[in-house]
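Here's my sequence, what's the structure:
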Amino acid sequence: MPSKNTICLWFNGSALDAATFYAATFPDSAVGRVMHAPGDYPAGQQGDVLTVEFTVLGIPCLGLNGGPAFVHSEAFSFQVATDDQAETDRLWSAIVDNGGQESACGWCKDQWGLSWQITPRVLTQAVTDPDRAAAKRAFDAMMEMRKIDIAAIEAAWRG
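Numbering: from 1, shown residues only. The predicted model follows:
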């Protein structure tokens, strides 16, 4: 039975490639049903991949090959909580080294233009610390980073 709520992501012909990459990169992720267009449509022809059902970290998604009319923006991103530097490094590198690009404060973008926040759990703990001075130190350190450096966040947090 399909999920009651599914994230639909618009692609320009590359939904299956993206879904396959996500399934290979993130745990609890998989490619499901691939639907081919039953007829011609503005962005493709009969038989082309029209939609791809997939999950990313257990979240149901649908990739729609809708053509070039719409592109991804930072207004939508997947936020991935990581447990340690090794996991942070692995996911960041998988995205950036596969045609993606770095951004600030733990954000990066994959080759399809989808934004990702690779966010170590310790960063969230640090910037929400009830000790506002400690939280600000950690926040200020994060603002200078691209990929999050957990040791640097912890050092700033401690003061």
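
So for this protein, which residue is the most central one in space?
residue 116 (3.2 Å; C-alpha atoms, centre = their mean).

Identify the residues contacting that residue.
77-80, 91, 95, 107-110 (C-beta atoms under 8 Å, 6 or more residues apart in numbering). Heads up, the C-betas are built off the backbone N, CA and C, glycines and all.

redo that, cut-off 7 Å
For residue 116, the contacting residues are 77-78, 80, 95, 107-108, 110, by C-beta atoms under 7 Å, 6 or more residues apart in numbering.

Could you do residue 66 as well?
10, 43.

tell me the pLDDT at it?
Note on residue 66: pLDDT of 96.

Break the protein down into its domains, please.
1-68, 72-159 (automatic domain parsing).

just the helices in this protein please.
Per DSSP state H, the chain carries helices over the ranges 15-25, 85-96, 121-127, 132-143, 150-158.

For the third one, which residues meet the burial criterion?
Burial within helix 121-127, assessed by neighbour count using 16 or more other C-beta atoms under 10 Å, is assigned to 122-123, 126-127.

Which member of the residues you listed is positioned nearest residue 71?
Lowest distance from residue 71 to the buried residues of helix 121-127 (C-beta to C-beta) belongs to residue 123, with 28.2 Å.

so that closest one touches residue 149, yeah?
No. At 9.8 Å, residue 123 and residue 149 do not qualify as touching, with contact defined as C-beta atoms under 7 Å.

what is in contact with these two at once?
With C-beta under 7 Å, 6+ apart, residue 123 and residue 149 have no common neighbours.

Give the residue spans of the chain that score low on pLDDT.
By pLDDT under 70, the low-scoring segments of the chain are 1.

Can you pull the phi/psi pair for the closest residue to residue 43 other than its chain neighbours?
In space, and not counting its chain neighbours, residue 43 is closest to residue 67: 2.8 Å by C-beta to C-beta, 6 or more residues apart in numbering. Torsion angles at residue 67 (phi, psi; degrees, to the nearest 10) stand at phi 100, psi -170.

Next: residue 98.
Per-residue torsions, residue 98: phi -110, psi 40 (degrees, to the nearest 10).

For the closest residue to it other than its chain neighbours, give me its contacts.
The spatial neighbour of residue 98 that comes closest, neighbours along the chain excluded (C-beta to C-beta, 6+ apart), is residue 111 at 5.9 Å. Residue 111 makes contacts with 98-100, as judged by C-beta under 7 Å, 6+ apart.
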